[in-house]
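K.L.:
coordinates only, sequence not included:
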Ligand SMILES: NCc1[nH]cc(CCC(=O)O)c1CC(=O)O
């Protein structure tokens, strides 16, 4: 019998995905007992627009510190909230099967981005989504928005925003039945790791790793390792709004990446394929091609756009 304590944020999305993980683990490990410990993170307490909080892992750090210190056995995160580099004594112990990766546009009428009325106000906290919206509808005012998924949807219902952009995975996991328009992946390539869950544990905790691996999905792992390798390149250099999405087809993995200038007027697109046995190599090759295509110059108007967006 193994009694394990796991950590997660207290948001409805975090608890929904944590309960799903526990159910899946119990199916494969019936002799395990699980206790949930909710932990507040900076992202839960700091109400500023996300892009002004210059800290990596604002939804993850405090929980992974509890794993690292041995206060809990593992942490369940939305994978896209996990920085590309973990604390020294931690590993990404399990990546279960991925949910949908696309974004959705939520408005009162469930219309597409092209059908939204002129000069509408659309809420998102993601610089990537803001840039992608502005490329299609330069008349739309993108306004930052905070709060959990349910709160944001209420802000559309109350008319505070004409629309918001969220991840399909989030509304699916919570089971919210709200009118929405699926945004096409080619126009809205998602954040690296979007739609996936990442379970972090200690690198020397073999028994917990063996138990977690019982719900690992190999194709999801391959795809996100390519995406995260690319992210590591972007984080280590300059901060850019990028979309990246890995797809496994047979023995190959294909990584599609788009990097944007902050005003959205320029972009660099890279598509790399390689052996699914070495997704890091594919991620690195994509990063090398981004560099060769001049990603460094895209950072030029980054600061100006932020000030404008923060008005
Ligand atoms: N902290 C934001 C966050 N982290 C994960 C998701 C969505 C679910 C996912 O990508 O797995 C969200 C909300 C959103 O982007 O709509």
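P.N.:
Received it, and whenever you're ready, just let me know what you need. Keep in mind that what you see is a predicted model, and the values were worked out from it rather than measured.
K.L.:
What are the boundaries of the helices in the stretch 101-250 of the chain?
P.N.:
For the stretch 101-250 of the chain, the helices defined by DSSP state H, counting those that start in this stretch cover 127-136, 149-157, 168-174, 206-212, 218-236.
K.L.:
May I see those organised as CSV, with mean pLDDT and mean neighbour count added?
P.N.:
C-betas here are computed from N, CA, C, even on glycine. Formatted as CSV, the helices of the stretch 101-250 of the chain follow (pLDDT from 0 to 100; neighbours: other Cβ atoms under 10 Å):
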stretch, mean pLDDT, mean neighbour count
helix 127-136, 94, 23
helix 149-157, 95, 16
helix 168-174, 97, 20
helix 206-212, 98, 17
helix 218-236, 91, 22
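K.L.:
so which of the ones you listed comes closest to the ligand?
P.N.:
Closest to the ligand of these, according to Cβ to the nearest ligand atom: helix 168-174, at 3.7 Å.
K.L.:
other SSEs contacting the closest one?
P.N.:
Packing contacts for helix 168-174, counted by 3 or more Cβ pairs under 8 Å, 6 or more residues apart in numbering; DSSP states H and E, involve helix 12-28, strand 103-107, helix 149-157.
K.L.:
what are the phi and psi angles of the closest residue to residue 228 other than its chain neighbours?
P.N.:
Counting by Cβ to Cβ, 6 or more residues apart in numbering, residue 228 lies nearest to residue 84, which is 5.0 Å off, once chain neighbours are set aside. For residue 84, the backbone dihedrals (degrees, to the nearest 10) come out as phi -70, psi -20.
K.L.:
Ok, residue 217 next?
P.N.:
Main-chain dihedrals, residue 217, degrees, to the nearest 10: phi -110, psi 120.
K.L.:
wait, doesn't it sit right on residue 97?
P.N.:
Yes: between residue 217 and residue 97 a contact is recorded at 4.0 Å, counting by Cβ atoms under 8 Å.
K.L.:
before we move on, back to that, in a markdown table: the helices of the stretch 101-250 of the chain, plus distance to residue 104.
P.N.:
Formatted as a markdown table, the helices of the stretch 101-250 of the chain follow (distance: least, Cβ to Cβ, whole Å):
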| stretch | distance to residue 104 |
| --- | --- |
| helix 127-136 | 11 |
| helix 149-157 | 11 |
| helix 168-174 | 5 |
| helix 206-212 | 30 |
| helix 218-236 | 20 |
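K.L.:
Distance to the ligand for those - can I get that in JSON lines?
P.N.:
Output for the helices of the stretch 101-250 of the chain, formatted as JSON lines (distance: least, Cβ to the nearest ligand atom, whole Å):
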{"stretch": "helix 127-136", "distance to the ligand": "8"}
{"stretch": "helix 149-157", "distance to the ligand": "6"}
{"stretch": "helix 168-174", "distance to the ligand": "4"}
{"stretch": "helix 206-212", "distance to the ligand": "18"}
{"stretch": "helix 218-236", "distance to the ligand": "11"}
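K.L.:
isn't the residue nearest to residue 228 right next to residue 232, touching?
P.N.:
Yes: shown here, residue 84 and residue 232 form a contact pair, counting by Cβ under 8 Å, at 3.9 Å.
K.L.:
what comes into contact with the helix or strand encompassing residue 257?
P.N.:
Using DSSP states H and E, the element containing residue 257 is strand 252-260. With Cβ atoms under 8 Å, 6 or more residues apart in numbering as the test, strand 252-260 has contacts from 128, 131-132, 135, 189, 222-223, 226-227, 230, 234, 240-247, 266-276, 279, 282-283, 286, 290, 295, 298.
K.L.:
Just the buried ones among the residues you listed, please.
P.N.:
Using 16 or more other Cβ atoms under 10 Å as the burial test, the contacts of strand 252-260 include 128, 131-132, 135, 189, 222-223, 226-227, 230, 234, 240-247, 267-268, 270, 272-274, 276, 279, 282-283, 286, 290, 295, 298 as buried.
K.L.:
just to revisit the earlier point, how far away is the residue nearest to residue 228 from residue 140?
P.N.:
Computed with Cβ to Cβ, to the nearest Å, the distance linking residue 84 and residue 140 is 31 Å.
K.L.:
likewise residue 73?
P.N.:
For residue 73 relative to residue 140 (Cβ to Cβ), the value is 45 Å.
K.L.:
Mind checking which of those two has more residues around it?
P.N.:
residue 73 (24 against 20; other Cβ atoms under 10 Å).
K.L.:
pretty sure that one contacts residue 199?
P.N.:
No: the pair residue 73 / residue 199 is not scored as a contact, 10.3 Å apart, by Cβ under 8 Å.
K.L.:
What parts of the chain come near the ligand?
P.N.:
By Cβ under 6 Å from any ligand atom, the residues of the chain that approach the ligand are 59, 78, 80-81, 166-167, 169-170, 194-195.
K.L.:
Looking at neighbours, which among those is most surrounded?
P.N.:
Highest count within the residues of the chain next to the ligand by other Cβ under 10 Å belongs to residue 194, 28 neighbours.
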